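For reference, the sequence and a predicted model appear below.
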Number of protein chains: 4
Amino acid sequence: MAPALRAAPEFEIQKWLNTDQPCTLEALRGKVVVVYAFQMLCPGCVEHSVPQARKVRALFPAEDVAVLGLHTVFEHHEAMGEIALKAFLHEYRLDFPVGIDEPSGDSLDPVPKTMRRYNLQGTPTTLMIDRQGRLRKQKFGHEQDMVLGAEIMALMREAPEESLGQQAPPEEKTPADTHHCSDESCPL
Amino acid sequence: MAPALRAAPEFEIQKWLNTDQPCTLEALRGKVVVVYAFQMLCPGCVEHSVPQARKVRALFPAEDVAVLGLHTVFEHHEAMGEIALKAFLHEYRLDFPVGIDEPSGDSLDPVPKTMRRYNLQGTPTTLMIDRQGRLRKQKFGHEQDMVLGAEIMALMREAPEESLGQQAPPEEKTPADTHHCSDESCPL
Amino acid sequence: MAPALRAAPEFEIQKWLNTDQPCTLEALRGKVVVVYAFQMLCPGCVEHSVPQARKVRALFPAEDVAVLGLHTVFEHHEAMGEIALKAFLHEYRLDFPVGIDEPSGDSLDPVPKTMRRYNLQGTPTTLMIDRQGRLRKQKFGHEQDMVLGAEIMALMREAPEESLGQQAPPEEKTPADTHHCSDESCPL
Amino acid sequence: MAPALRAAPEFEIQKWLNTDQPCTLEALRGKVVVVYAFQMLCPGCVEHSVPQARKVRALFPAEDVAVLGLHTVFEHHEAMGEIALKAFLHEYRLDFPVGIDEPSGDSLDPVPKTMRRYNLQGTPTTLMIDRQGRLRKQKFGHEQDMVLGAEIMALMREAPEESLGQQAPPEEKTPADTHHCSDESCPL
């Protein structure tokens, strides 16, 4: 028997941009939620995730699919504060809600709280949460457009209360092999 | 009330390549069928459709989704015969079934029979046929990967006998504006 | 008769990164100098200029061709300070010298001094300076790789003291048409 | 002392297309000649060489730089005859002269004469011949635009009678590792 799907942990956000009200998963229940965890100075995020996120936002109806950014800064904190992020969102014309992940509060721990809670391996990471609030995908690195389109549609077609009995997403096992970002991603 | 969806007309094929038996729509009933109508010397087909078709074949399970090529030659007939097409399929490593559209039989009519029957506007054209054998998409020119992935998944999730009541695909209205192919497509 | 070529005005730099000593044009006399004026949050700079600058650095010998960055911030000043720029250079693996253009000193004038002096229209802008220190190209927006390669080689093949009698580079006339950056460039 | 540069062997051409008169190297003496050896069904040729050749033709003056195609068919001969090639040149809008390499005349030897004479390893191959008719570059596979632009300019700037004393182009050593074409090239 497949293990039960776990509910996606709630985000812990310092501040939301591009929205008047916080985007809790609680409030988004009933929608498919596509989350891009990124850092504004991560080359792979800028090259792949930003255009892909814009495409998802443009192609799927907002009443069915929420697109969120999650700014999970785990390096160069001084370079990627709120002011810098706002300039970035403006220049890259991202207008969906972006949450600034809550810093750990521990000066020795550079990893912010939501990133820790989801055990993200780095940026970019794509999360997909179904209409019932369960985590269905957690992918570190770039995902193909065609795959993502198919997966979003599959979740859209599930009823909000559907009983699934599906497997939990597989554990990601990507080696953290560099001290700084590659062109594709920034490992933790 | 939405108009009833029409059954996709059967293909009229001179010869099938890459397969031992003809791929009739009748025989494929129950699967989603993605058809790439192309010409081997159409630049837009080579640049966009060939890689996209390979991606569809690689990403979706063969028991649910059939991928077919349809070689709809309507110009330069002498340059795109069976021998040339076989070399093309070999070099571009296309291994799904490809049907050679049956010539009109009328020396004054360069448009082959299936192309005429579907009223295709040129190449590349993507067709999508649902599990019940009904035509659900007919798109002249390039389609985005993300859109295509979502649409295939939507049809995969339909039951073979599901009652749809959906609208017929909209009429394509793209002006045939050139005497030869653009980088994107070859209008009829 | 062609107008005499003007000497490239000296840069006015607040601070140099990636180098122990200032890169004055005076000191670079005898080399071809390729300068990328950019802003770290300008999408066109990141997409086009950064990879192109890396390519120029990799392909041409350092004893003949100097490659410099010029960080000409004219908007979002608080987001693109020295700390942020250092993180950017690290993440995008740029290791050639980058000068931070000296701010105007006038709180009402966002345009820094070297940018003003060269009358740059925005970012990215590519400058090329010949072995005699004369400005030979000033191009706002993206330049094709093949053109740039040819132009650099042409200047490399000039003797340091060659008498030229060539025309000054044409005035760039690109309309500043937007309030923020396009995908290609950030007009002033 | 560097070995003397060898004169480029004359082409042996069955038929020239897109030109009224044969393009002998003899007749082109005084110009830089850029030659694209290709096959119309070689994916790497279509993806990389065709656009690059068009760019070279568009960017360099015809009085200094000749651009030629050389159709060196060494496989699928029946699929790439003159009629097919003409259709290809039409659809891909190539309007510079293209010579059909003379078949070997030996039914056991699929390699045509000019290809044999230059000892080409496969397609695409780029040849560059200087103003004095000497072979200066022979590169199997794709060359970067920036490199090619620089090399063409370097040859343009040489006097027709300049004494060079430069090295012959290095021998290409690329393993012929496949039975058919890769996306990049078709090895012999």
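Received it, and whenever you're ready, just let me know what you need.

For chain A, what lies in contact range of chain B?
Taking CB under 8 Å from any CB of the partner chain as the contact definition, chain A meets chain B at A:52, A:55-56, A:59-60, A:144-154, A:157. Heads up, the C-betas are built off the backbone N, CA and C, glycines and all.

okay but A:Phe96 is in contact with A:Gly69, surely?
Yes. A:Phe96 lies in contact with A:Gly69 (CB atoms under 8 Å); the separation is 6.5 Å.

what's the overlap in contacts for those two?
A:Ala53 (CB atoms under 8 Å, 6 or more residues apart in numbering or on different chains).

Tell me where chain A has strands.
A:13-17, A:32-38, A:65-71, A:98-101, A:122-123, A:125-129, A:135-140, A:186-187 (DSSP state E).

Could you say which of those strands is packed most deeply?
Burial of these is given as mean neighbour count (mean count of other CB atoms under 10 Å in any protein chain shown); strand A:122-123 ranks first at a mean of 28.

who does that strand touch, helix- and strand-wise?
Applying 3 or more CB pairs under 8 Å, 6 or more residues apart in numbering or on different chains; DSSP states H and E, we find strand A:122-123 packed against strand A:186-187.

Can you list the strands that the strand it packs on pairs with?
Strand A:186-187 has these partner strands in its sheet, going by DSSP bridges: strand A:122-123 (antiparallel).

Close to chain C: what parts of chain A are there?
A:41-43, A:46-47, A:75-76, A:78-80, A:83-84, A:86-88, A:90-93, A:180-181, A:186.

Grab the nearest non-local neighbour of the residue of chain A at minimum distance from chain B.
Nearest residue of chain A to chain B: A:Gly149, at 3.2 Å (CB to the nearest CB). Distance criterion CB to CB, 6 or more residues apart in numbering or on different chains; nearest residue to A:Gly149, sequence neighbours excluded, is B:Gly149 at 3.2 Å.

Could you verify my assumption that that neighbour touches A:Val147?
Yes. Judged on CB under 8 Å, B:Gly149 makes contact with A:Val147 at a distance of 6.4 Å.

what comes into contact with the longest helix anywhere in chain A?
Determined from DSSP state H, the single longest helix within chain A is helix A:145-156. Outside helix A:145-156, the residues that touch it by CB under 8 Å, 6+ apart are A:32, A:34, A:52, A:55-56, A:59-60, A:64-65, A:126, A:128, A:130-131, A:136-137, B:52, B:55-56, B:59-60, B:144-154, B:157.

Just the buried residues from these, in PyMOL please.
Applied in PyMOL, the following selects the buried portion of those according to 16 or more other CB atoms under 10 Å in any protein chain shown:
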select buried, (chain A and resi 32+34+52+55+56+60+65+126+128+130+131+136+137) or (chain B and resi 52+55+56+60+145+146+147+148+149+150+151+152+153+154+157)
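
Which pLDDT value goes with the residue of chain A closest to chain B?
pLDDT, A:Gly149: 98.

Pull up the gap between A:Gly99 and A:Val35, please.
Noted for A:Gly99: a distance of 9 Å to A:Val35, by CB to CB, to the nearest Å.

any idea how far A:Pro97 lies from A:Ile129?
Taking CB to CB, one finds A:Pro97 at 14 Å from A:Ile129.

nope, A:Ala66 is what I was after
9 Å.

Spit out the residues that contact the two alike.
A:28, A:32-33.

Tabulate these in JSON lines, adding columns for pLDDT and distance to C:Ser104.
Shown next, in JSON lines, are the shared contacts of A:Ala66 and A:Ile129 (pLDDT from 0 to 100; distance: CB to CB, whole Å):
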{"residue": "A:Leu28", "pLDDT": "96", "distance to C:Ser104": "46"}
{"residue": "A:Val32", "pLDDT": "98", "distance to C:Ser104": "49"}
{"residue": "A:Val33", "pLDDT": "98", "distance to C:Ser104": "45"}
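
ok now the least confident helix or strand in chain A by mean pLDDT, how far from the chain's centre?
Using mean pLDDT, DSSP states H and E, the weakest-scoring helix or strand in chain A turns out to be strand A:186-187, at a mean of 87. Strand A:186-187 has its C-alpha centroid displaced from the chain centroid by 14 Å (CA atoms, centre = their mean, to the nearest Å).

same deal with stretch A:145-155?
So, by CA atoms, centre = their mean, the centroid of stretch A:145-155 is 15 Å from its chain's centroid.

can I have it written out in PDB, keeping just the CAs?
Taking C-alpha atoms only, stretch A:145-155 is exported to PDB below (Å, rounded to 0.1, in the frame of the first residue of the first chain):
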ATOM      1  CA  ASP A 145       8.100  22.700 -19.600                       C
ATOM      2  CA  MET A 146       6.200  19.800 -21.000                       C
ATOM      3  CA  VAL A 147       6.500  17.800 -17.800                       C
ATOM      4  CA  LEU A 148       5.400  20.700 -15.700                       C
ATOM      5  CA  GLY A 149       2.500  21.400 -17.900                       C
ATOM      6  CA  ALA A 150       1.300  17.800 -17.700                       C
ATOM      7  CA  GLU A 151       1.700  17.600 -14.000                       C
ATOM      8  CA  ILE A 152      -0.200  20.800 -13.300                       C
ATOM      9  CA  MET A 153      -3.000  19.600 -15.500                       C
ATOM     10  CA  ALA A 154      -3.100  16.300 -13.700                       C
ATOM     11  CA  LEU A 155      -3.500  18.100 -10.400                       C
END
